[in-house]
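>>> I would like the atomic coordinates for the input below:
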Amino acid sequence: MAKMNKSNKGLSFVAIILVIVLLAVVGFFGYSYVQKDISGNRNTNVEYNLMLESSDFQYDVGLKLKQNGIINNDTVWSYWMDRHYPDFVYYNGEYLLSSSMSYEDIAQKLKNPDVSHKTVSVCIPEGYNVFDIAKTLDENGVCEEQAFLNACKSAGDYNYDFLSDYPSDSTIAYGVEGFLFPATYDFAENSEPKDIVNQMLTVFDDRITQQWKDYCTQNRMSLYELVTLASIVEKETLGQGVAENIASVFVNRLEKPQKLQSDVTIDYGNLLRAAGYGDEVVTSYNTYKCDFLPSGPICNPGVANIDAVVNHNDTDYFYFFSYNNGADFYFTDDYNDFQSQWAKLGSTNTN
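I've put the predicted structure just below:
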């Protein structure tokens, strides 16, 4: 067998030494690179507002941090988090971060968002108007009251087929009133008001039935007018089983035609005046003064009271009132009878 000469042995030894040195150098610089990233010593000055949604996971967070210059290596970040915070919980929100922060600084920051987008459950009851909804959203930290009201003013800001017949009328105070569907929602704190409006309009869109559309076609009325009428029925209906009769009263008056003369529309006008609207707008909602329907809905009715209009009872009623503090209703087609019965029973309303 041939023996390796001393020269070849020397070269092999040198090569091995060079490889060891090279690995040591690479290891040193790699370790230094990783440690600088972990400690925040990155020699950069970058700020980034990290937005976390419910669909984001640790991989997504690391990728966002790397892509926006906060960290150098998202793989190292994920490994470090798995080792130091294996059960870390990411919360929806906004986090202002800088490239000078260590991994530990970032982890601590991610426990407390600068702006929370935590999901909160908010109940919007049937019959709430824009003012009620705005106050409820503000109280639950979803968005500011006035900002929501501003977002409700123009129906033209939203793209839905059911708003295509929205009338061009300067007296309409809040264009999406009536279509903010009453339900229990999971909203994010500190949301954009228009996003909230869109969520509610989308739910209304999903609830529209062919029966509603057919009724509008058969009675030559728009969906906007149907919802406007249903909103009045919603506010007038205090008890169970009377909505179809109340709806029949208003339908009969519209067909005669005769003013609707509903007190609840005056109440809504008072809210508009308190919100800064002038006489023209306020009067346009007053059904003692306007000839037909008010300018727009006065609240957001539920499905039951829209159905009550569509399926109203076939009656001759033109007048009604509630008594026993709203527990009972009296219906009649005769004004003198209405006056006589009101004189007998009206005193039972003590509220």
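>>> Any buried residues in stretch 83-102, and which?
The neighbour-count check on stretch 83-102 (16 or more other CB atoms under 10 Å) flags 85, 90, 92-93, 95, 97-99, 101-102 as buried. Every residue, glycine included, has its C-beta placed from N, CA and C.
>>> ugh, wrong one, I meant stretch 288-301
Judged by neighbour count (16+ other CB under 10 Å), stretch 288-301 contains these buried residues: 290, 293-301.
>>> now swap in stretch 36-46 and tell me
Buried, per 16+ other CB under 10 Å, within stretch 36-46: 37-38, 40, 42.
>>> ok, which stretches of the protein are helices?
6-39, 58-67, 74-84, 103-109, 130-139, 145-151, 193-207, 210-218, 223-236, 243-255, 263-274, 279-284, 303-310, 335-345 (DSSP state H).
>>> Excluding chain neighbours, give the residue nearest to residue 312 in space.
Once flanking residues are discounted, residue 312 sits nearest to residue 247: 3.8 Å by CB to CB, 6 or more residues apart in numbering.
>>> residues in contact with that neighbour?
Residue 247 is in contact with 229-230, 233, 305, 308-309, 312-313, counting by CB atoms under 8 Å, 6 or more residues apart in numbering.
>>> Of the buried residues of stretch 288-301, just say which sits nearest to residue 185.
Distance to residue 185 across these (CB to CB) is lowest for residue 300, with 12.7 Å.
>>> my guess is that closest one contacts residue 178, does it?
Yes. Using CB atoms under 8 Å, residue 300 makes contact with residue 178 at a distance of 5.7 Å.
>>> Now the common contact residues for the two.
Common contacts of residue 300 and residue 178 (CB under 8 Å, 6+ apart): residue 231.
>>> Need the winner for burial among the helices of the chain.
Across the helices of the chain, averaging neighbours per residue (mean count of other CB atoms under 10 Å) puts helix 223-236 on top, at a mean of 24.
>>> Averaged pLDDT, that one. What do you get?
Average pLDDT, helix 223-236: 96.
>>> so what does that helix touch, helix or strand wise?
On a contact count with 3 or more CB pairs under 8 Å, 6 or more residues apart in numbering; DSSP states H and E, helix 223-236 meets helix 210-218, helix 243-255, helix 263-274, helix 303-310.
>>> and those helices as TSV, adding mean pLDDT?
Formatted as TSV, the helices and strands packed on helix 223-236 follow (pLDDT from 0 to 100):
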stretch	mean pLDDT
helix 210-218	96
helix 243-255	94
helix 263-274	96
helix 303-310	96
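>>> Would you format those helices as a markdown table with distance to residue 347 included?
Compiled in a markdown table, the helices and strands packed on helix 223-236 are given as follows (distance: least, CB to CB, whole Å):
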| stretch | distance to residue 347 |
| --- | --- |
| helix 210-218 | 38 |
| helix 243-255 | 22 |
| helix 263-274 | 17 |
| helix 303-310 | 28 |
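>>> Of all those helices, which one comes closest to residue 225?
Of all the helices and strands packed on helix 223-236, it is helix 210-218 that lies closest to residue 225, at 7.7 Å by CB to CB.
>>> So which elements touch that closest one?
With contacts defined as 3+ CB pairs under 8 Å, 6+ apart, the packing partners of helix 210-218 are helix 223-236, helix 303-310.
>>> and with 6 Å instead?
Using 3 or more CB pairs under 6 Å, 6 or more residues apart in numbering; DSSP states H and E as the contact test, no helix or strand touches helix 210-218.
>>> Only the C-alpha atoms, please, for it, written as PDB.
Provided in PDB are the C-alpha atoms of helix 210-218 (Å, rounded to 0.1, in the frame of the first residue of the first chain):
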ATOM      1  CA  GLN A 210     -88.500  37.900  -1.100                       C
ATOM      2  CA  GLN A 211     -91.700  38.600   0.700                       C
ATOM      3  CA  TRP A 212     -90.500  42.100   1.500                       C
ATOM      4  CA  LYS A 213     -89.500  42.800  -2.100                       C
ATOM      5  CA  ASP A 214     -92.800  41.500  -3.400                       C
ATOM      6  CA  TYR A 215     -94.800  43.600  -1.000                       C
ATOM      7  CA  CYS A 216     -92.900  46.700  -2.100                       C
ATOM      8  CA  THR A 217     -93.500  45.900  -5.800                       C
ATOM      9  CA  GLN A 218     -97.200  45.200  -5.200                       C
END
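>>> Report the angle between that helix and helix 223-236.
Per axes from the mean of the first three to the mean of the last three CA atoms, to 10 degrees, the angle that helix 210-218 makes with helix 223-236 is 110 degrees.
>>> Please compute how far helix 210-218 lies from its chain's middle.
Helix 210-218 sits 28 Å away from the centroid of its parent chain (CA atoms, centre = their mean, to the nearest Å).
>>> Also stretch 70-89?
Centre to centre, stretch against its chain (CA atoms, centre = their mean), the figure for stretch 70-89 is 33 Å.
>>> Mind listing residues that contact it?
34, 37, 48, 58, 62-63, 65-66, 97, 99, 103, 107 (CB atoms under 6 Å, 6 or more residues apart in numbering).
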